Structure formats: structure tokens, C-alpha cells
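Asks: Model the following, please.
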Amino acid sequence: MQVSALPPLVFQKGEPTKSVWFYDITADGFSLDDKRTPIEANDIPDVLVKWANREEGPNSYRVPTEKIRQNDWSLATGRYKPASAQDITHEPPNKILSDILSIEEHIVDLSKKLTHELQR
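Replies: Prediction:
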């Protein structure tokens, strides 16, 4: 039987909840294989720092309660995680094609040399 890990929920007494704070932990300081050996990547120290003020960052974000209500109270983090777009600058197509042709010529030259060596 496979059990999926559920994120912990923390409720606080007082005024009504206006938003829910999510933190997407991508690494816990251990490898994901069955050996669970220590690794450098670890989000837990960052969670502990951001927890007190529920700070937003690359892995943490707030979702208004109304938005969660509109999604049938689903707390599936993937529904709410902000998408981040990055501008990517590519070389002009003629430069890319020129580079490809140059690499192809190099491959052909090496193939001819190899063929010549194999015929000896």
C-alpha cells in the first residue's frame, strides 16, 4: 500500500483566516533514494526562518482563503503555486543554423578520418 505524504496543517486561534501560507519543500537535507544519505540541499532552515512571519519567497507563498473556497477548499499546493516566467534570449536562427552546420562538418570530417583509419 502506497501512502502519499500530506503537508502539515497548522491552525491558529483568533481572527478568521484571510490567507493560507504554503511552503514547497524541495529538499530536506537527505537524498531521495532508500539510503537517505545527507546532501547539501536543505529547505528546512529557510522554512524555520520564514515561518515566524510567514514570509513569501521562491518556495513560499500565500493564497487568499476566498481562492481556496472557490476551489472546493482544496489545499493541493499545485493549484496555487505561482508560475514564474523567465525571459530567455536565443541566438538569431541563422547563427544557430550556422553553428549546427559547423558541428555537422566537424562530425563528417572525423567520420572520414575514422573510416580511413579502419580501412588500414
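Asks: so what's the residue sitting furthest away from the middle of the chain up against?
Replies: Ranking residues of the chain by C-alpha distance from their mean position (C-alpha atoms, centre = their mean) puts Arg120 at the top, at 52.2 Å. Shown here is Arg120, which makes no contacts under the criterion C-beta atoms under 8 Å, 6 or more residues apart in numbering. Where you see a C-beta, it was placed from the backbone N, CA and C, and this is true even at glycine.
Asks: what separates it from Leu114, distance-wise?
Replies: 11 Å (C-beta to C-beta, to the nearest Å).
Asks: What of Asn53?
Replies: Counting by C-beta to C-beta, the gap between Asn53 and Leu114 amounts to 63 Å.
Asks: Check Glu55 too.
Replies: In this structure, Glu55 and Leu114 are 58 Å apart, going by C-beta to C-beta.
Asks: Look at the two and report which has more neighbours.
Replies: A side-by-side neighbour count of Glu55 and Leu114, using other C-beta atoms under 10 Å, places Glu55 first with 13 against 10.
Asks: Many thanks, I have nothing further to ask.
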